[in-house]
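A.B. asks: Need a 3D model of the following:
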Amino acid sequence: MSNEMIWTLIYIWFSITISAWASIWFLLPKKWIVWSEKAADILPHETVPPWSSLNKFGKALYILFAGGVTAMFVTLIVSALIQ
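C.D. replies: The predicted structure follows:
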């Protein structure tokens, strides 16, 4: 197995893992998610995440894209450090 194929598999694995976990997080019913009281006190109440106006499908697409971009940069950085 060539080096490029190994990095492609690692990239695909990172993309699927990050996207799946993030999508599951936003598609869960809110009653299943326990928010930290301390985090709610620290963050200003005016803070609005960029996905707050999207529906569940829009949130899933947003997170899939963000997860894929994050995985791409992580893979590029790791491959640059190894070579």
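A.B. asks: Name the residues of the host helix or strand of residue 77 that come out as buried.
C.D. replies: For residue 77, the element it lies in under DSSP states H and E is helix 56-82. In terms of neighbour count (16 or more other C-beta atoms under 10 Å), helix 56-82 has its buried residues at 59, 60, 62, 63, 64, 67, 68, 70, 71, 75. Heads up, the C-betas are built off the backbone N, CA and C, glycines and all.
A.B. asks: between those, which is closest to residue 19?
C.D. replies: Using C-beta to C-beta, residue 67 comes nearest to residue 19 of the buried residues of helix 56-82, at 3.7 Å.
A.B. asks: How much space separates that closest one from residue 80?
C.D. replies: 20 Å (C-beta to C-beta, to the nearest Å).
A.B. asks: rewinding a little: which of the buried residues of helix 56-82 sits closest to residue 18?
C.D. replies: Among the buried residues of helix 56-82, and counting by C-beta to C-beta, the member closest to residue 18 is residue 67, at 3.7 Å.
A.B. asks: I'd say the closest one and residue 15 touch.
C.D. replies: Yes: with contact defined as C-beta atoms under 8 Å, residue 67 and residue 15 form a contacting pair (6.5 Å).
A.B. asks: Report the residue spans of the protein with pLDDT below the cut-off.
C.D. replies: Flagging of the chain using pLDDT under 70 yields the residue ranges 1, 22-54.
A.B. asks: which strands and helices sit next to the helix holding residue 77?
C.D. replies: Here helix 56-82 touches helix 3-27, going by 3 or more C-beta pairs under 8 Å, 6 or more residues apart in numbering; DSSP states H and E.
A.B. asks: how much does the helix it packs on deviate in direction from helix 56-82?
C.D. replies: Orientation note: helix 3-27 sits at an angle of 150 degrees relative to helix 56-82 (axes from the mean of the first three to the mean of the last three C-alpha atoms, to 10 degrees).
A.B. asks: packing partners for helix 3-27?
C.D. replies: helix 56-82.
A.B. asks: Please look at residue 15 and residue 71 and confirm they touch.
C.D. replies: Yes: with contact defined as C-beta under 8 Å, residue 15 reaches residue 71; the gap is 4.2 Å.
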